[in-house]
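Engineer: Fold the following.
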Amino acid sequence: MKSLILFLIIITNMTTFSQLNINYEKYELPNGLQVILHKDNSVAIVSVNIWYHVASANEKQGRTGFAHLFEHLMFEGSQNVPDGMYDKIVDGSGGQNNGSTGFDNTNYWSIVPKNYLESVLWLESDRMGFLLPGITQDRLDLQRDVVKNERRQSYENQPYGMSWMKIYDALYPSGVPYNWLPIGSQEDLTAASLEDVKEFFKLYYAPNNASIVIGGDIDIEETKLFVEKYFGSIPKGRDIIRPIPQPISLTETKRFVLEDNVQLPRLYLFWHSESMYEENDAALSILSDILSSGKNSRLYKTLVYEKQIAQDVSAFQDGNALSGNFGIIATAKQDISLSEIEKIIFEEIEKVKKDGITKYEIEKAKNSIKASFIYRLQSLGGFGSRTDQLNYYNTFFGNPGRFNDDLKRYQLVTENQVKDVTNKFIDNNKMVVLSIVPKSKLDLQAK
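Structural biologist: Numbers count the residues shown, from 1 in each chain. Purely as a prediction, here's the structure:
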């Protein structure tokens, strides 16, 4: 409750920039493992959050899906932890755990009562240092089939599910990171050998490619002893060559249409934008908020409320480590042409390009982003939580405490900057347009 009250006090002062004071201590083991400790005694729980700086961006064409495959294999047992033991210990404590794979990182987290901290650190260290003896051909085949089935359920057999594969394939040239999704392709998953998988693990799942955040009701000195005990003897891995950003741009508008087993047509508009934390990343996020966040946002008000031709609409800036994209997605009402939706979207965008935005709009967007940011930090563990955010900043910037710098960049955005980025990035002559329409209704596509 003490942490909740602290965050609510900060939220009440939205019009000024309030400093967030989130304590942490960072150090590094001789094997390269970066350790961040965050003490919060308000509740008798702990969060163990570990990030590996590996994901689909580290893969190669023909060898995709490995990072996500390991997200599954890491829960299937290691040298000293039998299959199912990880979940048995965490679930048996009344805790929870999960993992995720993105374009640029893979993360795992657990939230347990404080007296289970040592057990969870042992579990994490065993799968970091001793997973390979537990990866047999049978386990690889089993988890390969699980991932392939997940791909079918989440993409191939999911309404609108193939949209993201089509979009990223159109935005990024073949062989360039982000051309494929973290789930990988069915063909690459089928072709992956046991030796391929083990070599991938040896390179990327080493302590020098990981950082661990331990937060909650911890004793700092005791926790350091646990970390040394369980992680200190794991050998350092090879140096890793990181993928580097490549100049990528569209020279024309690419239009695609997919027929799907859906009732409502859906329009996807995508542009190349900027990577995380680049100069215009924050301004593009504010633009997306002004366009689609809330019932009074420009696109929602026009498409959904006034003209009533769309079921929903969203806009977002997605800045990743190597590149970024800006997207607008609108689901039309039944039998509404996506050309009509696209026309109205660009009418609203042209207003921003020509006349800019209002002071009220930008202040509302800034407050919305700040409130969302702070509300997420109320949670100690899990996706987007304090421990997760500490690890995000550390993995990509080497500084776990970038909370205030992160918030401040939004506060510094001006009305003119939002107008400028709209003119610079949102070009209807250089974009990816995807129409997903019901079967036998190709006439509803955006043309």
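Engineer: ok, and what's touching stretch 118-130?
Structural biologist: 46, 48, 50, 74, 78-81, 85-86, 89-90, 93, 108, 110, 112, 205-207, 210, 212, 214, 226-227, 230-231, 233-235 (C-beta atoms under 8 Å, 6 or more residues apart in numbering). C-beta here means a position set from N, CA and C on the backbone, and glycine is covered the same way.
Engineer: Narrow these to just the buried residues.
Structural biologist: 46, 48, 50, 74, 78, 81, 86, 89-90, 93, 108, 110, 112, 205-207, 210, 212, 214, 226-227, 230-231, 234 (16 or more other C-beta atoms under 10 Å).
Engineer: Restricted to helices, list those.
Structural biologist: 86, 89, 90, 226, 227, 230, 231 (DSSP state H).
Engineer: mind putting the residues you listed in a markdown table, distance to residue 296 included?
Structural biologist: Output for these, formatted as a markdown table (distance: C-beta to C-beta, whole Å):
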| residue | distance to residue 296 |
| --- | --- |
| 86 | 46 |
| 89 | 48 |
| 90 | 43 |
| 226 | 51 |
| 227 | 49 |
| 230 | 52 |
| 231 | 50 |
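Engineer: As CSV, the residues you listed with distance to residue 162 and pLDDT would be great.
Structural biologist: Formatted as CSV, these follow (distance: C-beta to C-beta, whole Å; pLDDT from 0 to 100):
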residue, distance to residue 162, pLDDT
86, 33, 91
89, 38, 95
90, 34, 95
226, 45, 98
227, 43, 98
230, 43, 98
231, 41, 98
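Engineer: what's the closest of the residues you listed to residue 408?
Structural biologist: Taking C-beta to C-beta as the measure, residue 408 sits nearest to residue 227 out of those, at 31.9 Å.
Engineer: dump the residue contacts of that closest one.
Structural biologist: 29, 33, 35, 121, 212, 214.
Engineer: pretty sure the fifth one is touching residue 50, no?
Structural biologist: Yes. Counting by C-beta atoms under 8 Å, residue 50 is a contact partner of residue 212 at 4.6 Å.
Engineer: list the residues that contact both of these two?
Structural biologist: By the contact definition C-beta under 8 Å, 6+ apart, residue 212 and residue 50 are jointly contacted by 124, 391.
Engineer: Strands - which of the contacts of stretch 118-130 land there?
Structural biologist: Members of those lying in strands (criterion: DSSP state E): 46, 48, 50, 108, 110, 112, 210, 212, 214.
Engineer: any idea which of those residues is closest to residue 435?
Structural biologist: Among the ones in strands among the contacts of stretch 118-130, and counting by C-beta to C-beta, the member closest to residue 435 is residue 108, at 37.7 Å.
Engineer: all helices of the stretch 101-250 of the chain, in order?
Structural biologist: 117-129, 137-151, 163-171, 186-191, 194-204, 220-231 (DSSP state H, counting those that start in this stretch).
Engineer: Can you name the next helix or strand after the last one?
Structural biologist: Elements were assigned by DSSP states H and E; along the chain past helix 220-231, the next helix or strand is strand 254-260.
Engineer: Could you list every helix and strand in contact with that next one?
Structural biologist: Judged by 3 or more C-beta pairs under 8 Å, 6 or more residues apart in numbering; DSSP states H and E, the packing partners of strand 254-260 are helix 163-171, strand 432-438.
Engineer: Including mean neighbour count, could these go into a markdown table?
Structural biologist: Output for those, formatted as a markdown table (neighbours: other C-beta atoms under 10 Å):
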| stretch | mean neighbour count |
| --- | --- |
| helix 163-171 | 18 |
| strand 432-438 | 22 |
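Engineer: any chance of these in CSV, plus mean pLDDT and distance to residue 259?
Structural biologist: Shown next, in CSV, are these (pLDDT from 0 to 100; distance: least, C-beta to C-beta, whole Å):
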stretch, mean pLDDT, distance to residue 259
helix 163-171, 97, 12
strand 432-438, 98, 6
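Engineer: Make JSON lines from the ones you listed and add distance to residue 300 to it.
Structural biologist: Putting the helices and strands packed on strand 254-260 into JSON lines (distance: least, C-beta to C-beta, whole Å) gives the following:
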{"stretch": "helix 163-171", "distance to residue 300": "20"}
{"stretch": "strand 432-438", "distance to residue 300": "20"}
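Engineer: To residue 100, which of the ones you listed lies closest?
Structural biologist: Closest among the helices and strands packed on strand 254-260, using C-beta to C-beta: helix 163-171, at 15.4 Å.
Engineer: For burial, what's the neighbour tally of the closest residue to residue 207 other than its chain neighbours?
Structural biologist: Of all residues not flanking residue 207 in the chain, residue 33 sits nearest, at 3.7 Å (C-beta to C-beta, 6 or more residues apart in numbering). Residue neighbour count, defined by other C-beta atoms under 10 Å, stands at 23 for residue 33.
Engineer: Report pLDDT for residue 33.
Structural biologist: What the model reports as pLDDT for residue 33 is 98.
Engineer: and what of residue 77?
Structural biologist: pLDDT, residue 77: 87.
Engineer: wait, doesn't it sit right on residue 83?
Structural biologist: Yes. At 3.8 Å, residue 77 and residue 83 qualify as touching, with contact defined as C-beta under 8 Å.
Engineer: what touches both of those two?
Structural biologist: Joint contacts of residue 77 and residue 83 (C-beta under 8 Å, 6+ apart) are 134, 139.
Engineer: So between the two, which is more surrounded?
Structural biologist: Higher neighbour count among residue 77 and residue 83: residue 77, with 21 against 14, using other C-beta under 10 Å.
Engineer: From residue 135, how far out is that one?
Structural biologist: Residue 77 sits 9 Å away from residue 135, going by C-beta to C-beta, to the nearest Å.
Engineer: Residue 385 touches residue 379, doesn't it?
Structural biologist: Yes. Counting by C-beta under 8 Å, residue 385 touches residue 379, with 4.0 Å between them.
Engineer: So these two - more neighbours on which side?
Structural biologist: More neighbours surround residue 385 than the other of residue 385 and residue 379, with 21 against 17 (other C-beta under 10 Å).
Engineer: residue contacts, that one?
Structural biologist: So residue 385 contacts 47, 49, 109, 376, 377, 379 (C-beta under 8 Å, 6+ apart).
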